[in-house]
Each structure stands twice: as structure tokens, then as C-alpha cells.
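1. let's see this in three dimensions:
(2 chains)
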Amino acid sequence: MLRSLITPLVLGAIYLLLSLLVYGGYCLDVSWETRSCSLAGWLVGLVILFVGVVVLKKHIHAPSPTLIRWVPIKQADQIVGILGPMLVLGLVVSLFAMADAYRNFQGNFWSLPSFRLIMLQTSVVSIAALGMTLIIASGGIDLSSGTALALSGVVLGLGLEADLPFVAAALLCVTCGTLCGAINGTLISFMKLPPFIITLGSMTIFLGIGKMIATDGGTVKPPAGSIPNWIADMVTLFPDPAWIAYPLLPNVAWGIWFVFGLAILAAATLNRTVFGRHIFAIGSSESTARLCGIPIARTKIVIYTLAGFLVGIGGVFQFARLSQGDATAGVGLELRIIAAVVIGGASLSGGRGSIIGTLCGAAIMSVIKLGCTALGLGNQLEDILLGTIIIAAVAVDQWRVRSQSASPN
Amino acid sequence: MQGIRHLLTTSLLNVTAVSKSYAANRVLSHVNLTLSRGEILALLGENGAGKSTLIKILTGAVRPDAGTVMLDGNPIVHGNTALARHLGVAVVYQELSLCNHLTVEDNIMLGREQQRLGILDRQTQRKIAVEALAKLGQPESWLDRRVSSLSIGQKQLVEIARAIAQNAKILILDEPTSSLSQQDARQLFDVVRRLQSQGLGVIYISHFLEEVRSLCSSYLVLRDGTVAGSGQLQDTTPRELLKLMAGRDIEQLYPARKQRQGECRLELRALCGHPWPDNISLTINRGEILGLAGLVGSGRTELLRTLYGLDPRRTGDIFIDQRRRSKSQDPADRIRAGVAMISEDRKQEGLAQSMSIKDNMTLSDMRPFSLFGWLNETKRDQCCHELKEKFSIKALSCDVPIWTLSGGNQQKVALARAVHQKGTIWLLDEPTRGIDVGTKAELYRWMAELAEKGDSLLFVSSYFQELLATCDRIAVISQGKLVEVRPTEQWTEHELMQYAMQGRA
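-> Numbers count the residues shown, from 1 in each chain, chains lettered A, B, ... in the order given. I've put the predicted structure just below:
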């Protein structure tokens, strides 16, 4: 009983410590010295955590009998799984923050508004990436998530044009996303073609459908006043400070909390349900899963449909951010979604994936984007940095796979 | 002075105090080995004892932490496998490394092609290749055949010929007979004896003690990375060898069994697949162990897979406990009916390598721990811990990923899973392949216990001795067809081989 408390205790302590340190740098009108101190404290904390993670990782692969009494393997695995991707995110944030500190915090990178902006920019990608994590963990892939998201947004716009109340139109949007996912899942299960090919086709099909049904040259502008205030609040950069327990928890738009809630549900599904075990089994070794009587076709359909459901929700978010439905806004989005999952530590060959990793991966991409803007670097550098990180993440994954098969067996 | 000392010494290979550790894992510790010209040394030991690491040190692929390896007075240096090969160390592994699309001659000369100013010198090549084949006593007519057209036994000989063509002084054979028929194995032994008479030193790694006794002169047993014993084979008994390998006295490899059979549990009627099995009809009773004998590739795996629902069925019926099950070819259905399958290739199809021991053990039946899909991890932990104890699986925790376990322990996890899913009809496809002797003995005992409890077992093996010692009846399968099924007392090893090879008496 006590053992299961280890992970939440450790993580809770780390969170409290870091937020105390970081709080110093949150506010805009704090002196340079305070901000530098909080940044320095953050860096020290990162180094300590890094050392801890390395020790735990060694412990997992070659359990030492002394350490196992205090930290059982399962807890060590959980802690590493959560801290690992967060450390990488922390590292990227630190690099930009230090560069900004060097320039006297001109870019205001290490501040609450930046934090809010990063969260918001990540929101759409994060939601869709939750579903993509499930798909990639099962060994599949979905290239159509971007255009399906855009199509759902178009459907929402059309619903509003038809004078439906917002909630009904949003439900329509989510249904559209779910349907797209179900179509993908069915095709993949019953045609013996690789998911890459099938979703490549459906990606283009969804784009075509979106452009066809959109009324205003690929976009759908809803009538004025049809978007209620609470939707605008969902993705606002200036949330009303009264509604949340600031300063204990960061003050961001309620949409971000909604995303966190979804992420918790997704993580619970992946790690604590039978369905989650089936996902990993199919990704790790489909023939073993078949041998064990796991219903492969049915599970795959459910995975893709669930991912489609999340894409539909992402469509609502994107609509809220753009204030219109845009059929072409999804092109290229799927690559960012997949990149988020890969940077987060999932293996493209399946069997491995984590929700926290995906969220951190999505955040890393936004941090790079915002950091480059804050430092005055160009758009091009953004893309180069992003590409480098993706290659590094896949290289680390390959190295891990190789060291796994090179064990003396 | 050095030169005279070289001439005087007959020792070809001198391994002195070699040690190697991988992180905290001590794989080899102060290993001493000597090999003379014309000596065939049997290198014995359980899986994980350090044999493959030792071989890798001999070929220069791995650097020992301590100790030296001298071949004919020349040291073998890590990082230079080409040097080791040049000095005369050649290894033939279980997974052959041949280019299937090239001819035998090309394969023999691979890496040492003879050229004159960049142009291939076919004449010299042919001469060398013919010489190599002659040393093995094999016909020259092979040289122009494509390797893909050869049998596994012949392919192995091509690899040995390649080693000879590279002037090997030491030939290391790693489990050469595990995929060979008895006839091919005999041919291999003739070749090895020829090479022995030509002054080659041979290190022979195998799990099969009988063939080791018939071929080799000396032995060296590794256990947990140290030399547990060495000497001449004629001075020792198989039981002593087993004791050295396992570290404890294994009274006998095969347990005594009380035969007690009941009603029919599984019946196959004219089962046909795509294209194998070919019209097979069989029955298996309660408490019976039925052996399926045959050559590699004779269709026994296909029979099990069609039975279990992994492969589609063309015609015919499958009855389990008198209920027709053949309508649905679905492993989930068979699992519900109580059938458990341990497949041949457990790395690919039997275990999910990246998942933990706990996940692998419970994968086929999560119902006891699931509340509408939500997992009760405490119950799962408990269940796995019990299974781990019961099967004495060597691991510190049930949450470690399964790829960190040895082959024998991995197999135990697969068996634990089948026990967990409450299997009563067992389909075992080569369950002892690649398993160390200690685990094998445990496995045979456990199979006997299952049969005594009332389970039915279908045991596929290419090792006739094993089948004769453990089964109640043995069926011979050849080319997808059932040739003959008789009670074990009415079979001899010779007859089994005849039927398996020729498909008839």
C-alpha cells in the first residue's frame, strides 16, 4: 500500500519545489535579479533530477537488490516515464530562457504570458496527439488527423450557419471526427494495406470533402455572435484571474485545464485498462497478441475511432482559436502531431508510448517556436531546430531498441 | 628460440584467465581453455553460461576485461575480427550467413575474391573452391549450384568450406545440428572427423549430449561464467556432465511416468489447410502425451497453427470435448475451450519483447483482474508473483521488461501464461529448443505432472530421443500428411526416422 504512494509523493514534492522556484520569475514586473535566481534554481533542480533519472533507469534494466527495497521497479518505471520527457522539455525551456537572460529578458520568455501562449499554441496539437499516441503505440499511424480536424471545424462552421446552437454544432463536429476515425480504422483492419498508405489516401479525401462543403472558398465564417463567450474564454490569452486558485496553480484559460483532464483520461486508458494492455501488445508483437486471443481487428477499429473522437474535440478548439472553419488549416498539422508523439518517446514501430511524453513533445515544439520569436531569430531557424529535435528523438529511440536486442542472450 | 618453442608446442589455441563483465553482470570469470591440433572440444553449458561471449572474444568481436587469447602464438586482438579470421579462427553459427542468390563458389570465396588488376580471376577461385570442397569430401558439382537450392545441411557444409578456403585453423560450430535431420547430422560428423584428421582444431557447442559423446574427444563445461569442469569425455558419464552444467545432481533427464488415459478430448477429422495440413485425422485422450515426430519443415507447425485457429482451415473438422469448434478459426475461441499453445518461435510469436513479465503472463486472460476494463494492479501483481515462484523464474521483479531474461526464463513466462489461462489441452511446438539442460529436465517433469493431472499434450519435437522418452504415442508427420501413429513401445528411433524421411515404411 505504501509503495503505491511513492510515485505521487515524489512527483508532488518535485512540483512544489519547482513551482516555488519558478514563481519568482512568473510576474512581468519582477527584477532581473529575482528572475535570474529563479532561473538558476530551476537549472539546479533540472540537473539533480537528471542524475536521479539516470540512476533509476540503470536500476530498471539491471535491478540492484539494495535499491529495490526502497524503489520497486514499477515505481521506478513510472517516475522515469514521467520525469524523462519533462526533463527534455525543461532543458529546451532553460536554453531559451538563458539566452533571453543574456539579453536582459528583453523577449520576456521567462514569464507568465509566454507560458500561457505556449499552452494555447499546444492545445490543438496536444488533443489530437493524445489519440495519435494510442495509434502509434499500437504500431499504426494516422496521416489524416490534420485534415480530419480541419474538416470537423468546417462542419462546426456549417452547423452554426444553419442556426444550430453552439453545443449542437460542436457535437456535430466531434461526430464528424469520430466518423473519420472509424472509416480509417475499418479500412485498416480489413484491407491488408499498411496504415501509412490508407491514411495517406484518407488525408487527401478529407481535404477534398472539406473544400467541397465549405461555402466561402475553403473556409466557413460563422454568423456574427454565434460563438458564445465561454468558447472564446476557452482559448483566451487573458483569463479572468478570479476563477482559479492563483498563485498555487498557474492561471490559464479553462480550455487548457480541459486538455489536461483529457490527457489524464487518456493516460488512465493507456496504462490502467485492459484495452491499454491490448494496445501495447498489438504494437509490441501483433502475432503474440493474436496468439493470446486478443481481437486485433476490433481493437484497431476502436483505437482509430477513439483517436477520431479526440480529433473532433481538437476541431472545436481550432475553431475557437481561428473563429472560423478552415478546410486547409489541417495540412501539415498531422506531421506536428506525429512529431509530438515521437519526441515524447513513442516508438514508430509500436509497443511504446506515453501521454506525458506526448504533451511534453507538443510543448517542446511550441517552446521552440515562441523562443525563437522572443529571441528575434527567424522562422527558418525554428524549422531547422524542430527538424533536429525530431531526428535526435528518433535516434535516441533507435539506440534504445538496439541496446535492447544486443543484450547477451 | 620463439620459433622452436612454437614447433615444439602442439597447443593451437590458448585462452588464459579471460574475464568479461557487462555492467554489473559478470559474464565470464577466469576462463582457461586449450585446444590442440586435431582435437574436437565440446563446449558445454546452459544458456547464459557465457559460451557465446567466449566465442565472440575468440573472434575478436568483443574485448575481454582481462586475460589473453593466443592462436598459434599470435594474440587475438579485440576490434579486429578480420585479423582473427586471418589468423585462422572461423565460426559457423546456427543462423547461417550465406547469400542465397549466389552460387556455392561465390559464397565460398566471399570476401576473398581472387582478382587480377580488378578483374575476377575465376580460374584461381575455382581451384581454391575445389580444394576446399575436397577437404570436406564433397563433390565439385556443387560449385555452380545456387545456394537457395541446397538443403540446410548442405548450406552448412558450404559455410564450413568457406572457413576452410580461408585457411581456418580453428573451426567453431555453434549448435550445428539443431535444425538438421539425423542424416545430415551424420554427414556433418563425417566432415568434421575428416577435418580433424587434417589437423584442424574444432570447438563444438551443442545441447545434445549423445552426439557430443560420439564426436568429441574432450570437454569443457561453463557454468555461470566459470569453468565448472574439463577433461576427456571417455573419463566421464552423461550424468556427471549434466551435474557440472546444472550445478546440481539431475537424477535423470526424463521422469518416469504412470500412464493413465481417459476419454477423447481433441479430435481432428480430415483437417486440411492451405496447403498443410493435408487430410489429417487424430485423436488425443485425457492424460495423454502425443508426440508429433517429423523432419524440419514437415508440416507439424502448420498442423498446430490450423488447430489453434491462427491459420485458416480449408476443410475438415475440429472437435474439442465433443463440441465442434471448427466453425470459428479464432485463437480466442480455442483459449476459451482450454487450448494453450506454445509456439516454435517464441521471440516473435509468443512473447511481446518490450513488455514486462507481468504483462506477458496475463496477456491471454485479464478477466480475473478487470472491472469493466479497469485493471486491478494489486491482484495482477499477486498473481504474477505466485506464478514466478511456481516456475522459479530468475528475475528480481515482475515489472522488468522481458527481453532482459535468458531464453529459458522467457520460455517459462510463456508457460506461466498458458497455466494462467487455465489451459488443459497443450500444443507445444519445439518447447525445448534452445533451452538449457536444467530447464529441460524441469520441463519434462512438469509435462509429466500435467498429464498425470489429466491434461492432454501435443508435443512437437525434431529430437526423436526426447519423444521416445516422454510420450505415450508418437505420430509421424511428413509433407503435411499423417504417416503413422503408434504407441511408443512399438516405435524404434530407426523406424521413426525412416517414416519421417520417406513418408512410409
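
2. for the stretch 151-300 of chain A, just list every one of the strands.
-> Along the stretch 151-300 of chain A, the stretches classed as strands by DSSP state E, counting those that start in this stretch are A:219-220.

3. can you list the residues of it near chain B?
-> Counting by C-beta under 8 Å from any C-beta of the partner chain, the stretch 151-300 of chain A comes close to chain B at A:272-275, A:277, A:280-281, A:284-285, A:287-295. Quick note: C-beta positions are derived from backbone N, CA and C, even for glycine.

4. name only those of those residues that count as buried.
-> Buried by 16 or more other C-beta atoms under 10 Å in any protein chain shown: A:273-275, A:277, A:280-281, A:284-285, A:287-294, out of those.

5. just the ones of those in helices?
-> Judged by DSSP state H, helices contain the following of these: A:274, A:275, A:277, A:280, A:281, A:284, A:287, A:288, A:289, A:290, A:291.

6. any chance of the residues you listed in CSV, plus pLDDT?
-> Output for these, formatted as CSV (pLDDT from 0 to 100):
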residue, pLDDT
A:274, 94
A:275, 95
A:277, 94
A:280, 95
A:281, 95
A:284, 92
A:287, 90
A:288, 92
A:289, 93
A:290, 92
A:291, 91
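
7. between those, which sits nearest residue B:112?
-> residue A:287 (39.4 Å; C-beta to C-beta).

8. list the contacts for the residue lying closest to the closest one once chain neighbours are set aside?
-> Closest residue in space to residue A:287, ignoring its immediate chain neighbours: residue B:349 at 3.9 Å, by C-beta to C-beta, 6 or more residues apart in numbering or on different chains. Going by C-beta atoms under 8 Å, 6 or more residues apart in numbering or on different chains, residue B:349 touches A:285, A:287, A:288, A:291, B:343.

9. put together JSON lines for these, with distance to residue A:127 on each row.
-> Output for the contacts of residue B:349, formatted as JSON lines (distance: C-beta to C-beta, whole Å):
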{"residue": "A:285", "distance to residue A:127": "30"}
{"residue": "A:287", "distance to residue A:127": "33"}
{"residue": "A:288", "distance to residue A:127": "31"}
{"residue": "A:291", "distance to residue A:127": "35"}
{"residue": "B:343", "distance to residue A:127": "40"}
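
10. what is the most widely separated pair among the buried ones among the residues of the stretch 151-300 of chain A next to chain B?
-> Longest span within these, C-beta to C-beta: A:273 and A:287, 22.7 Å.

11. can you name the residue of the stretch 401-505 of chain B nearest chain A?
-> Here the residue of the stretch 401-505 of chain B nearest chain A is residue B:403; by C-beta to the nearest C-beta that distance is 5.3 Å.

12. so that residue is in contact with residue B:353, correct?
-> Yes - counting by C-beta atoms under 8 Å, residue B:403 does reach residue B:353; the two are 4.6 Å apart.

13. who's more crowded, the two?
-> Each of residue B:403 and residue B:353 has its neighbours counted (other C-beta atoms under 10 Å in any protein chain shown); residue B:353 has more, 21 against 17.

14. just to check, the more buried one is in contact with residue A:285?
-> Yes - taking contacts as C-beta under 8 Å, residue B:353 lies within contact range of residue A:285: 6.7 Å.

15. contacting residues around stretch B:15-35?
-> Residues contacting stretch B:15-35 (C-beta under 8 Å, 6+ apart): A:58, A:62, A:64, A:408, B:11-14, B:41, B:50, B:53-54, B:57-58, B:62, B:64-70, B:170, B:201, B:203, B:220, B:222, B:225-227, B:230.

16. residue B:79: what's it in contact with?
-> Going by C-beta under 8 Å, 6+ apart, the list of residues near residue B:79 reads B:60, B:63.

17. and the pLDDT for it?
-> At residue B:79, the model reports a pLDDT of 73.

18. phi, psi of it?
-> Recorded main-chain torsions at residue B:79 are phi 90, psi 0, according to degrees, to the nearest 10.

19. how near is it to chain A?
-> Separation of residue B:79 from chain A (C-beta to the nearest C-beta, to the nearest Å): 16 Å.

20. right, and residue B:404 touches residue A:61 too?
-> Yes - counting by C-beta under 8 Å, residue A:61 is a contact partner of residue B:404 at 6.4 Å.

21. in stretch B:12-27, what counts as buried?
-> For stretch B:12-27, the neighbour count (16+ other C-beta under 10 Å) marks B:12, B:13, B:14, B:15, B:18, B:19, B:20, B:27 as buried.

22. what about the closest residue to residue B:81 other than its chain neighbours, neighbour count?
-> Nearest-residue entry for residue B:81: residue B:60, 4.7 Å, with adjacent residues in sequence omitted and distances by C-beta to C-beta, 6+ apart. By the measure other C-beta under 10 Å, the count of residues near residue B:60 is 21.

23. got a list of what the residue in the stretch 151-300 of chain B that chain A sits nearest to touches?
-> Of the stretch 151-300 of chain B, the residue with the smallest distance to chain A, taken as C-beta to the nearest C-beta, is residue B:225 at 10.5 Å. Shown in contact with residue B:225 (C-beta under 8 Å, 6+ apart): B:26, B:27, B:28, B:29, B:31, B:49, B:50.

24. most surrounded residue in those residues?
-> So for those (other C-beta under 10 Å), the most neighbours sit at residue B:28, 27 neighbours.

25. got phi/psi on residue B:137?
-> phi 80, psi 30.

26. ok so, going back, from the buried residues of stretch B:12-27, which single one is nearest chain A?
-> Nearest to chain A among the buried residues of stretch B:12-27: residue B:27, at 6.0 Å, using C-beta to the nearest C-beta.

27. part of a strand, is that closest one?
-> Yes - using DSSP: H, G, I helix; E, B strand; the rest coil, the assignment for residue B:27 is a strand.

28. measure it to residue A:279 for me?
-> Remark: distance between residue B:27 and residue A:279 (C-beta to C-beta, to the nearest Å) = 36 Å.

29. kindly report the same for residue B:384.
-> 20 Å.

30. neighbour count for these two, which is higher?
-> Taking other C-beta under 10 Å, residue B:384 and residue A:279 do not tie; residue A:279 has more neighbours (31 against 24).
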